[in-house]
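In: Structure of the sequence below:
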Amino acid sequence: MTPVALFLAMLLAGSVAHKVSASERLSAVAGRLAGLHSQGLTLLVAAGALEAVAAACLVVPMLRQTGALIAMAVWLAYALALLLRRGETLDCGCDLIAREKPVGWPVIARPSMLALVAAVVSTLPAAPIGLDGAFAAAGLLALYLAASELLAIPHPRWRKH
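Out: Numbers count the residues shown, from 1 in each chain. Just a heads-up that it's a prediction; the model follows:
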């Protein structure tokens, strides 16, 4: 399961980079999701800081449990914020580009499932990350991002609503 921990760390680090590169857009998203429009930048910085700490902890075997628990808390908070906005159409910040979409169960399920994976990682014994684990984690990240893009297709013929 070490590759899964590294996958989570890579995903969190990517999220931090995304927050830095699109801070203007994502601060508005954070404020809207939390219902605190004027505090969007503060919320964005706090979330990014927690994600950075979680990512760093996940790659250190002795801190992996702490990192997984922080990641779980961040993703659960995000899932709760989305749940409170269920039915609205908005840019949830889930994608690299601004993309307004209805907040439904699939959108809420993504951070919920990531929180569940982080919870499982938090229960595992510490183990070093090998080269094969790094490649496996990169593969998991590629699959995750590909699935995310497929789910972002507005009205594909293959998906029944």
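
In: what are the ranges of the strands in the chain?
Out: Assigned by DSSP state E, the strands in the chain fall at 89-91, 100-102.

In: Show me what the first one is in contact with.
Out: For strand 89-91, contacts defined as Cβ atoms under 8 Å, 6 or more residues apart in numbering pick out 25, 29, 32, 33, 98, 99, 100, 101, 102, 103. Just so you know, the C-beta spots here come from the backbone N, C-alpha and C atoms, and that holds for glycine as well.

In: I'd like to know which of those are buried.
Out: 25, 29, 32, 33, 101, 103 (16 or more other Cβ atoms under 10 Å).

In: Ramachandran angles for the closest residue to the last one other than its chain neighbours?
Out: So that's residue 103. Of all residues beyond its chain neighbours, the one nearest residue 103 is residue 85 (4.9 Å), with distances taken as Cβ to Cβ, 6 or more residues apart in numbering. Main-chain torsions, residue 85, degrees, to the nearest 10: phi -110, psi 10.

In: any idea how far residue 118 is from residue 85?
Out: Going from residue 85 to residue 118 by Cβ to Cβ, to the nearest Å gives 22 Å.
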